[in-house]
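Engineer: Sequence and predicted structure, then a few things I'm wondering about:
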Amino acid sequence: RMLRRLALATRIATNGPFGAAPSALAAALHGSRNRSHTERPFAASAAAEPPVEASAVGGGQRPKTAIVMLNMGGPAQPSETRAFLTRLFHDNDIIELGGGLFQRLLGNFIVKMRTPKVEKQYEQIGGSPIRKWTELQGEQLAKKLDIMRPESAPHKAYTSFRYAHPLTEEALTQMKADGVKRAIAFSQFPHWSCTTTGSSMNELWRQVKNLGMENDVKWSLIDRWPLHSKFIDAVIDRMEEKMGEFDPSSKNKVVIVFSAHSVPMKVVQKGDVYVNEVSATCKAIMQRWEEKGNLNKHMVAWQSKVGYMPWMVPSTDQALKGLGRKGNKHVLVVPIAFTTDHIETLFEIGIEYAEEAEEAGITNFKFTQGLNDSPLFIDALADLVVTHLDEGRNHSAQYKQKCLMCAKPMCRQIVNPAF
C-alpha cells in the first residue's frame, strides 16, 4: 500500500493530482502549457490586503449576526503559493493520500516539485483576486442586510478561506474577539461538492473545537444555492454584457459553453451531487435566456482536469476544438461554478482557451467575467441570507445526506446549531 501511494505521489508531482476537484486546484497545479503571456488587464487588482484586525462594528457595537463566507482562497501574492499548496495537499478531503503523517510527507514532496511552476502562473495574473472580491462582497452584503433585516443587525461578514489567508482559524479568532454569538456559515460555492463546501465545513468544525468555541456561537448553514433566482439573474446579466459585444447579425449563431470545474469520476461515483447541481443551474439559466427571446445553442463542459484518471467530460478544451471543427465561429464561454474571478477564469479561460479557440478556427471567442462586484449578485447573497434567517432552519434538507460510500466521521456535522 505504501509503495502504491508513493507511486501515486510521484505521478501527481509530475502531472497533478488524480482526485482533486475544487475551484483553483487544478488550474493552480496543472502547469501543462508552458507559454509566456502578458499580465491580464485586471491583474493589478489582485494584490492582497493585510489581515483585518478584530474589531466591532457600528461605533463599538458587537456584531449581532456574523456571515462567515467560506471559500478556497488563493495566493494573493505569488510568494504565498508554497503555503497555499502545502495546506491543499495536506487536506485529505480533497486529495486522498491516506491522511495523517503519510499524507503530510507525500504532500510536502509534491509541493516542493510543483511550487516553481505554479508560482509563475500566479505571476502572470498578478496573484489571485479572490480575497479582494470576497471582502468587497462581504462589506456590501452586511450593509444591505442591516437595511433589509434590522432585527438581526448589525451584521458583519468574515472571510474564511480553506487554504489561504484569512484562514478559518483566523476568521474564528476575529469573531471571538468581536464577541459574536450568532453566525451563518455561508458557502460561496453555489453547488455542493464534498471536495469544496464539504472540506470547508469540516475544517470549520475542526477549528471551532480546536479553539474551544463549541458553546460560544450558535451556527446555521447556507450550504448550496444552485437555483436561486437572483443568482441566475446575475449570471444572465453577465451573459448579456458580453453578447452586446457580438455583431447583431451573429448573435443567434453564438454557441454558449458553460464551463464548470471538472471532478474525477470516482467523486461522482461516490454520490457527490456537484455535477447534477451544476447541470440544473445551466438548465435554469437557458430557460430564462430563451424567455427573453434569445435563440442560442448551448452545452455544459468541464475544465481543469489533471492526471490520468477519468474526469467528467466533455472537457472545455475538447468542446472548443469540436465546435471549431463543426464550423462554429462565435463562442461565449460562461464560467458557471466560479462566482469570482481567479486563476481558472483569468488564466485558463481568458488566455489558454482563447488561444485554443483561435487555433480551432473560432474567430469570435468571448468569456464572461466573474460576478465579482455585480450589484445583482450582491442582491442574491443578501436575499439568500434573509430567506435563511426567516426560515429558521439550520441547513438544507440535503446537507445531512452523506455520499453513498462516505466513511469520514467529520462530514455533514453542525456544532451548536441555532435552531
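Structural biologist: Here it is on my side, so go on.

Engineer: Count the neighbours of residue 409 for me.
Structural biologist: Using other CB atoms under 10 Å, residue 409 has 8 neighbouring residues. The way it works is simple: take the backbone N, C-alpha and C, and place the C-beta from them, glycine included.

Engineer: so what strands line up beside the host helix or strand of residue 70?
Structural biologist: Assigned by DSSP states H and E, residue 70 falls within strand 65-71. The strands beside strand 65-71 in its sheet (DSSP bridges) come out as strand 155-161 (parallel), strand 182-187 (parallel).

Engineer: Buried ones in it, by neighbour count?
Structural biologist: 65, 66, 67, 68, 69, 70, 71 (16 or more other CB atoms under 10 Å).

Engineer: Past that strand, which element shows up next along the chain?
Structural biologist: That would be, after strand 65-71 and using DSSP H and E, helix 81-89.

Engineer: name the helices or strands packed onto that following helix?
Structural biologist: Contact here means 3 or more CB pairs under 8 Å, 6 or more residues apart in numbering; DSSP states H and E; on that basis helix 81-89 packs against helix 25-30, helix 100-124.

Engineer: Specify the stretch among those helices that is closest to residue 360.
Structural biologist: With CB to CB as the criterion, residue 360 lies closest to helix 25-30 of the helices and strands packed on helix 81-89, at 19.6 Å.

Engineer: could you give the mean pLDDT of the closest one?
Structural biologist: Across helix 25-30, pLDDT averages out at 43.

Engineer: re the thing from before, specify the stretch among the strands paired with strand 65-71 that is closest to residue 255.
Structural biologist: Of the strands paired with strand 65-71, nearest to residue 255 by CB to CB is strand 182-187, at 30.6 Å.

Engineer: pLDDT weak spots in the protein?
Structural biologist: Across the chain, residues meeting the criterion (pLDDT under 70) sit at 1-60, 96-98, 306-307.

Engineer: Could I get the full set of helices for it?
Structural biologist: Under the criterion DSSP state H, helices of the chain are mapped to 2-15, 25-30, 81-89, 100-124, 130-148, 168-178, 197-210, 229-243, 265-269, 274-291, 316-325, 343, 354-359, 375-391.

Engineer: Residue 88 touches residue 94, doesn't it?
Structural biologist: Yes - between residue 88 and residue 94 there is a contact under CB atoms under 8 Å: 6.7 Å.

Engineer: got the contact list for the residue of the chain positioned farthest from its centre?
Structural biologist: In the chain, residue 249 marks the outermost C-alpha relative to the chain mean, sitting 35.2 Å out by CA atoms, centre = their mean. Contacts for residue 249 (CB atoms under 8 Å, 6 or more residues apart in numbering) come out as none.

Engineer: ok, it to residue 95 distance?
Structural biologist: Applying CB to CB, to the nearest Å, the value for residue 249 to residue 95 is 48 Å.

Engineer: Then residue 285?
Structural biologist: Residue 285 is 31 Å from residue 95, by CB to CB.

Engineer: What of residue 316?
Structural biologist: For residue 316 relative to residue 95 (CB to CB), the value is 22 Å.

Engineer: likewise residue 107?
Structural biologist: Taking CB to CB, one finds residue 107 at 8 Å from residue 95.

Engineer: Name the residues contacting each of those two.
Structural biologist: Shared contacts of residue 107 and residue 95, counting by CB under 8 Å, 6+ apart, come down to residue 89.

Engineer: want to throw the strands paired with strand 65-71 into a markdown table with distance to residue 355 and mean neighbour count?
Structural biologist: Shown next, in a markdown table, are these (distance: least, CB to CB, whole Å; neighbours: other CB atoms under 10 Å):
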| stretch | distance to residue 355 | mean neighbour count |
| --- | --- | --- |
| strand 155-161 | 30 | 27 |
| strand 182-187 | 33 | 23 |
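
Engineer: Dump the ones you listed into TSV; add distance to residue 118 as well.
Structural biologist: As requested, these are arranged in TSV below (distance: least, CB to CB, whole Å):
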stretch	distance to residue 118
strand 155-161	17
strand 182-187	25
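
Engineer: So which of the ones you listed is nearest residue 172?
Structural biologist: Nearest of the strands paired with strand 65-71 (CB to CB): strand 155-161, 7.8 Å.

Engineer: mind exporting that closest one as CSV, just the C-alpha atoms?
Structural biologist: C-alpha atoms of strand 155-161 as CSV (Å, rounded to 0.1, in the frame of the first residue of the first chain):
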residue,chain,number,x,y,z
HIS,A,155,-24.3,42.2,10.6
LYS,A,156,-20.6,41.6,9.8
ALA,A,157,-19.0,39.4,7.1
TYR,A,158,-15.9,37.4,7.9
THR,A,159,-13.8,35.9,5.0
SER,A,160,-12.8,32.3,5.8
PHE,A,161,-10.5,30.6,3.3
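
Engineer: can you list contacts of it?
Structural biologist: Contacts of strand 155-161 (CB under 8 Å, 6+ apart): 57, 63-73, 130-131, 134-135, 137-139, 141-142, 145-146, 149, 166-168, 170-172, 174-175, 178, 180, 200, 204.

Engineer: one more time with 7 Å, if that's ok
Structural biologist: 57, 63, 65-73, 131, 134-135, 138-139, 141-142, 145-146, 166-168, 171, 174-175, 178 (CB atoms under 7 Å, 6 or more residues apart in numbering).
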